[in-house]
Every structure is written in structure tokens, then in C-alpha cells.
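[1] got a predicted model here, sequence first, then my questions.
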Amino acid sequence: MAPKDLIDLIRVPPGKKVRLKDYDTGWAQTKELKDLGKDVVKERARAILDKNLQDLAEAQELLYADDRYAVLIVLQAMDAAGKDGTIKHVMSGVNPQGCQVYSFKKPSAEELDHNFLWRHMRCLPERGRIGIFNRSYYEDVLVVKVHPELLESQKLPPGKRGKSFWEARYEDINAFERHLVRNGTVIVKFFLNVSQKEQKRRFLERLDRPEKHWKFSAADLAERGYWDQYMEAYEDALSATSTDWAPWYVVPADHKWVTRTVVADILTRTICSLDLHYPEVTAEQSKALAEARKRLEDE
Ligand code: AMP
Ligand code: MG
């Protein structure tokens, strides 16, 4: 598993005022890692990822058999930070039946006719499953905060849209998440922290390589123009909503191998820390199994 001090470094403590400039987006997160050098760290990360993918497949099966907990993964990031690739790689070993991915785009007319949590509530993972939110209700305190004109389409009752409006949304999110956790949904939230420089490199790559053209969107470039406003919105959201029950992790995202290793590691740790058991077979069930065996053998 990845060094625990690295995990502690990127977990946002409840109540902490986050400054994203304090978080490194690269691979040399600790002095120990820096001393090892990039090649060694990359090699070790690869081995940790492989091990975690095996453990995760087993952990997911146990989660399913135990059937008491659900796991909700919230993924948030700027464009081209690697959300899709992370989902693809981290979940590659997991039984597709045990995993549900939902991508949240601009809300539809029907969705806007409800409260901002409604469309997410409908997609929550069942007990025994891992649910992934590729973007989430956090967009309602991120893109919507950066572009407050979007609020007009949300058809809310009149009122001021200042600081206390956003604080009320953070409060609602915290209460919603606490409700879920109390009822058996474990929540882990990842902010994939890509640098502005690396985003530019990835956008250019999309323009340079014909097979990546489909990934380029002019809208993403427009949002890049609001980088500082997004960082501020992320800082406010992470500071207000990293709780004991649903922590945020600021995952370094300038190297895909770092992102994938860290996400897989935290997810595996989280599931393995639950008190999961295969259901015990009752005496009556044991008897029925023995009878079934006998019938088959006597055929
Ligand atoms: P993508 O994930 O790149 O396919 O883009 C989805 C788009 O939907 C992004 O530009 C998000 O900002 C946008 N989006 C997601 N949720 C909301 C929301 N609640 N209000 C407005 N836009 C949203
Ligand atoms: Mg996009």
C-alpha cells in the first residue's frame, strides 16, 4: 500500500481552510519520495496499483456478500484532470455488476424542477455496490458559483445569493452526506488536482492527435479562462465539506500513474476497513445443502 503519511497529507482535515497552492500536483509529495527519484517511485506505484486492483476485486465481492454497506465515490476535477481514465483503470478488475457509474452533465428541465440533490439521490448505490459519481452535487457549489447566472435556471424562491446562500448549500450537502453515512453508505471524495500547466499540455495533445480530437471541447477551453474562480470555489467547497464522515482527498493529478495509484489505494483501504463478513450459513441451510448434494450425487 502507499505510504500512510502520503494519504494523511492529502486528506483534508475537517475545518481546515484549504489553500490549493499548498498542494503539490506532481509525484514528489514527500522528502522520502523525492529521494527515491521518479523512476523508482513510478515502479513502486505500479506495483502498489496492481496489488490494490486485486485486493479491490476481492473487497468488492465481500462488500456484495455482506450486503450492508454501499460505497459512494465522488470525483470532481477541472477538465482533462483524468476522471474518466481513473474510473476506467481503478475499476478495471471489479465485477461490472458490483459497480455503477453516473456522469452528471448540465441538469435537464425535469431535474431543474427539483432540488439540487434530487437527481443524485436517484442514482445512489445500493447496499453491496460501489457507485461512482463522475461530477456530482458539488457542481452546484462549483460551476454554479463560478457562473451565478446558472442559478436563475434553478427556479429557486427569491432571496440573496451571497455568502450565506453558499454556506447553506455546504450545510445541506454535509447533512445529506451524514444521512447517507448513518444509513450505511460510505463516502469518499476525490478532487483530482491538476495544474493549469498540465491541463494546457493535455488540451494541446487533444488538438495534436487526431484520435483525441473527439475529447476536445471549446467549452472546456472557455472554462479554463475561469481557472482562478474555480480554484477559489474548490477551496471554499473543500474547506466547508471535508468532514469526519465524508472526507475529501486532494489527489495529485499531473501524472496519471500517481492519480490512479492513490485513488485505488484509498478506495481499497476504505472498503477493507469496514467490518465485512460473508453471511453465515444457518444449521437449517447446512442441512439443505447436504440434501442437495445427496440428490445430485444420487442422480
Ligand atoms: P463533461 O463532464 O466534460 O461531460 O461536462 C459536463 C458539464 O456539465 C460540465 O461543464 C459541468 O460543469 C456541467 N454541469 C454538471 N453539473 C452541473 C450543474 N449542476 N449545473 C450546471 N452545469 C453542470
Ligand atoms: Mg468535458
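    Perfect, I can see it now. Numbering: from 1, shown residues only. Ligands and ions are numbered 1, 2, ... in the order given.

[2] contact partners for residue 144?
    Residues near residue 144 by CB atoms under 8 Å, 6 or more residues apart in numbering: 150-151, 154. All C-beta spots, glycine's among them, are computed from the backbone N, C-alpha and C.

[3] before we move on, what about residue 82?
    By CB under 8 Å, 6+ apart, the neighbours of residue 82 are 192, 194, 253, 256, 259.

[4] redo that, cut-off 6 Å
    192, 253, 256, 259 (CB atoms under 6 Å, 6 or more residues apart in numbering).

[5] one step back: separate out the buried members of the contacts of residue 144.
    Buried by 16 or more other CB atoms under 10 Å: residue 150, out of the contacts of residue 144.

[6] what's in contact with stretch 193-202?
    Looking at what lies outside stretch 193-202 - CB under 6 Å, 6+ apart - the contacts are 23, 25, 78, 80-81, 227, 250, 253-254.

[7] mind running it again at 8 Å?
    So stretch 193-202 is contacted by 20, 23, 25, 77-82, 224, 227, 250-254 (CB under 8 Å, 6+ apart).

[8] near ligand 1, anything from it?
    No. Stretch 193-202 is not in contact with ligand 1 by CB under 6 Å from any ligand atom; minimum separation 12.8 Å.

[9] export that stretch to CSV, keeping only CA atoms.
    The C-alpha trace of stretch 193-202 is given here as CSV (Å, rounded to 0.1, in the frame of the first residue of the first chain):
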residue,chain,number,x,y,z
ASN,A,193,-5.7,18.3,-8.6
VAL,A,194,-4.2,19.0,-12.0
SER,A,195,-2.1,22.1,-12.6
GLN,A,196,-3.0,24.7,-15.1
LYS,A,197,0.2,24.0,-17.0
GLU,A,198,-0.6,20.3,-17.3
GLN,A,199,-4.2,21.0,-18.4
LYS,A,200,-2.8,23.1,-21.2
ARG,A,201,-0.5,20.3,-22.2
ARG,A,202,-3.4,17.8,-22.3
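
[10] could I get the buried residue list for it?
    Result for stretch 193-202 [16+ other CB under 10 Å]: buried residues 193-195, 198-199, 202.
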